[in-house]
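Asks: Give me a model of this one.
(one chain, ligands or ions: 3)
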Amino acid sequence: MEKVILERKDAVDWVYRGEGAANLVLAYTGSSPTFIGKVMRIQKSQRNGKNGVNGNGALTTHERLLWRENKELTASPNREIVEQLYVKHVMSPLLGPTHVDAGMRVLVSKEFLESVEKNVTCQRPAWRVDSSLVDVNRDSALIISDHSIFPNGALKGGPCITVEIKPKCGFLPISRFIAEENAVKRTITRFRMHQALKLQKQEISECSEYNPLDLFSGSRDRICKAIKALYATPQNNFRVFLNGSLVFGGLGGGTDSTTVLVGEAFEDALKNVIQADNGLRTASFIQLVTETVYTSGVLDQLLEVQKLDTYDIEGAIHAYYNIISQPCMVCRELGKNKLSHRYASLHSIPLDESLKIVKDYLIAATAKDCSLMISFRPKEDGDLRSGSSHNAVYLGSTNQVFEYKVYFIDLDLKPLKKMEDYYELDKKILSCYSVKTEHKADAAVRIDTHGSLLR
Ligand SMILES: O=P(O)(O)O[C@@H]1[C@@H](OP(=O)(O)O)[C@H](OP(=O)(O)O)[C@H](O)[C@H](OP(=O)(O)O)[C@H]1OP(=O)(O)O
Ligand SMILES: Nc1ncnc2c1ncn2[C@@H]1O[C@H](COP(=O)(O)OP(=O)(O)OP(=O)(O)O)[C@@H](O)[C@H]1O
Ligand SMILES: [Zn+2]
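Replies: Ligands and ions are numbered 1, 2, ... in the order given. Model prediction:
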């Protein structure tokens, strides 16, 4: 960890970049070489007093058991160090170290955090301010490379455009532990079903047409379809930054927040990057992102990690109860139901096996929730051979070559306790989706009856 301690006076150098449910991210505007080209990720606390299930402490006893093979994690004195080491020792080897920056921790004083909080409040979305605030009781924050610029600064080496994508789960589960009445999970993506629940809860105003299976398909056409859908309904799955400033998508995470620069304004923002006539740049940009996702193959690696979830929550939840040595609440509920014997086998497996099932499930959960940031800058010599540490991609429509880099962000460790929430949310998503499809089926029958009557 850096020996410096950031004090109140240092807060002015850090400006609001964005946030998610759990963290606030700031960009550096000062002149210290240690921080140039970096962002700071600060943990937040929830105003309702519940700090989610993440908590502030180190690993719980059961989590220590779960991660016992990762000595670095179990030896960590607090959650912040655990989080950083989880990225470094668990996620980075799985996703490829060239795509992950685990960051470095820096000490911060309470006054620094209080000052940062005060400075950025007016830029945060009101609903985020209402629900969370900077946790001023932490004594460190994470310093990570700013993935929305290239390492040598914002503008040196030409303009940089970055797309941030939160792809979510890219496969359909096939676990034999999925109950028959939930078979829809095998054919409809979790993303699509979750959209119905989010719509019902008014978290979004319309359902996205984005299909994660397209993005992960490995087919150029389907990847392009996915990017177009993300552009049409960005929610919290798609953002674009120009030289580190947000130019498209919602500010502050969340699913349906303010969209900045649409249509012509976005076309305009692209003008120094994409050499096409006005009105044609957005289409070329979508092509560039498509081509890069396709040729980089970076999502193949992510999909492999997501697929560590082989049991689905309907299977993994039983292993969870084995680990915490408590009566399985799920089997208890299913008690009188004849289906419960399906899960009996899971309660007689060795502890090691339960630990592996749940550990893999949680690693997969991280991979299903992370985002990737892909940055581009035009390559002046037009040479596809790299010549630098970055890869290059050719954009046919404008005859340009771009250097690009890909990084994963938000690779947080999911707390063990969240298994129960995962099970409950899965039930909610399914029940909301089933009600919706039943309504549709009813309506179809009514139309049909009506139609038949008219014939
Ligand atoms: O459960 P999901 O799929 O809704 O994912 C949650 C995300 O919702 P999303 O559907 O992507 O809008 C959610 O994102 P938002 O807050 O909606 O932007 C978080 O990423 C949450 O993770 P954590 O609790 O901060 O560790 C995510 O929780 P995890 O399931 O990854 O633990
Ligand atoms: N290394 C980085 N470089 C540039 N921008 C970043 C970086 N890390 C995060 N950001 C920006 O900050 C936003 C919030 O960060 P992050 O996703 O880590 O927050 P979170 O609270 O963990 O999110 P979630 O709601 O998914 O839990 C991101 O959506 C991204 O726009
Ligand atoms: Zn059970």
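
Asks: Please make it C-alpha for all contacts and neighbour counts, starting now.
Replies: Noted.

Asks: Around residue 335, how many other residues sit close by?
Replies: Using other Cα atoms under 10 Å, the number of residues around residue 335 comes to 12.

Asks: any idea of the pLDDT on it?
Replies: Note on residue 335: pLDDT of 75.

Asks: and the residue positioned nearest the centre of the chain, what is it in contact with?
Replies: Residue closest to the average C-alpha location in the chain (Cα atoms, centre = their mean): residue 370, at 2.8 Å. Applying Cα atoms under 8 Å, 6 or more residues apart in numbering to residue 370 gives the contacts 166, 167, 168, 408, 409, 410, 411, 412.

Asks: how about the nearest residue to it, chain neighbours excluded?
Replies: residue 410 (5.0 Å; Cα to Cα, 6 or more residues apart in numbering).

Asks: I'd guessed that neighbour sits against residue 371; true?
Replies: Yes. Between residue 410 and residue 371 there is a contact under Cα atoms under 8 Å: 6.4 Å.

Asks: Phi first, then psi, for the residue in the stretch 301-450 of the chain that ligand 2 sits nearest to.
Replies: Nearest residue of the stretch 301-450 of the chain to ligand 2, counting by Cα to the nearest ligand atom: residue 410, 4.2 Å away. When read as degrees, to the nearest 10, the backbone of residue 410 gives phi 60, psi 60.

Asks: Repeat that for residue 274.
Replies: Dihedral angles (degrees, to the nearest 10) for residue 274: phi -100, psi 120.

Asks: So it is in contact with residue 284, correct?
Replies: Yes. At 7.3 Å, residue 274 counts as touching residue 284 under the criterion of Cα under 8 Å.

Asks: Looking at those two, which one has more neighbours?
Replies: Legend: neighbour count by other Cα under 10 Å for residue 274 and residue 284, higher for residue 274 (25 against 19).

Asks: got the contact list for residue 392?
Replies: 384, 385, 386, 401, 402, 403, 404 are the contacts of residue 392 under Cα under 8 Å, 6+ apart.

Asks: Among those residues, name the least confidently predicted one.
Replies: For those, the pLDDT minimum is residue 386, 59.

Asks: show me the contacts for the residue of the stretch 301-450 of the chain closest to ligand 2.
Replies: Per Cα under 8 Å, 6+ apart, neighbours of residue 410: 369, 370, 371.

Asks: What about residue 111, how many residues nearby?
Replies: 17.

Asks: Ramachandran angles for the residue nearest to the centre of the chain?
Replies: phi -80, psi 170.

Asks: As CSV, the contacts of residue 410 with pLDDT would be great.
Replies: Below are the contacts of residue 410 laid out as CSV (pLDDT from 0 to 100):
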residue, pLDDT
369, 97
370, 98
371, 97
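
Asks: The helix or strand encompassing residue 360 near ligand 1 anywhere?
Replies: Assigned by DSSP states H and E, residue 360 belongs to helix 351-369. Yes. Contact of helix 351-369 with ligand 1 (Cα under 6 Å from any ligand atom) involves 365, 369.
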